[in-house]
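From the sequence below, what's the structure:
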Amino acid sequence: MKNLPAGVRKAASDDEDSEAELFGGIVLAMLAGIALIYAVMVLLFKSFFKPITILSALPLSLGGAFFAMWIAGKGFDLPSMIGMLMLLGLAAKNSILLVEFAIEAERSGMRRHEALVLACTERSRPIVMTTVAMIMGMLPTALGLGQGPSGAPPWPSP
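Residues are numbered from 1 along each chain as shown. Sure, this is the predicted structure:
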């Protein structure tokens, strides 16, 4: 397969076709989700800039996820795509918590820097609690523990 003649190429298998279709669907779901989150936040905050500030955490979270996958030597497969979709939701939720709290503190008369510091100190506990709860809820799935869809354990029995 390394030195094929001109005009000859490797035929795509059914698995490759379905994997490409699945990847395209996940990417479309991520983009649609980001667009809907942006639209809702524009209506919520009555501003076009504040939602962009909130959504600026998403590329950073995906960059961290790709870096962690590279460090761990993991491939880009269906579980990692589902994990990235959940990561986007978690990062957006955390950003909304921080920015919304800072906006309310600013409206009450605080300076911007003080409001940001207060938002980080006050909202760190709920952010850590929801993140840990999500990690613990998804850990069995990520590790492949428990029964598979057929009701049989995911490992062969002795």
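
residues contacting Ile26?
By C-beta atoms under 8 Å, 6 or more residues apart in numbering, the contact list for Ile26 reads Met81, Ile82, Leu85. Every C-beta, even on glycine, is put in place using the N, C-alpha and C of the backbone.

Spatially nearest residue to the second one (excluding sequence neighbours)?
Think Ile82. What sits nearest to Ile82 in space, not counting adjacent residues and going by C-beta to C-beta, 6 or more residues apart in numbering, is Ile26, at 7.8 Å.

next one: Ala105
Ranked by C-beta to C-beta, 6+ apart and with sequence neighbours excluded, the top spatial neighbour of Ala105 is Ala115, at 3.8 Å.

ok, how many other residues are close to Ala91?
Here the count is done by other C-beta atoms under 10 Å, and Ala91 has 21 residues near it.

so what's it up against?
Ala57, Leu58, Leu60, Ser61.

Next one: the third one relative to Ala92, how far apart?
Okay, so that is Leu60. 12 Å (C-beta to C-beta, to the nearest Å).

higher neighbour count, these two?
Remark: of Leu60 and Ala92, Ala92 carries more neighbours, 21 against 10, as counted by other C-beta under 10 Å.

wait, the more buried one sits on Leu36?
No - under the criterion of C-beta atoms under 8 Å, Ala92 makes no contact with Leu36, lying 10.5 Å away.

still on that earlier bit, quick one: buried ones out of the contacts of Ile26?
Met81 (16 or more other C-beta atoms under 10 Å).

Reformat the contacts of Ile26 into CSV and put secondary structure next to each item.
Formatted as CSV, the contacts of Ile26 follow (DSSP: H, G, I helix; E, B strand; the rest coil):
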residue, secondary structure
Met81, helix
Ile82, helix
Leu85, helix
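
Same list (the contacts of Ile26) but as CSV, adding distance to Met136.
What follows is these, written out as CSV (distance: C-beta to C-beta, whole Å):
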residue, distance to Met136
Met81, 21
Ile82, 16
Leu85, 18
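
that older thread, could you measure from the residue nearest to Ile82 over to Leu97?
26 Å.

need the contact list for the residue nearest to Ala105.
Residues near Ala115 by C-beta under 8 Å, 6+ apart: Ala102, Ile103, Ala105, Glu106.
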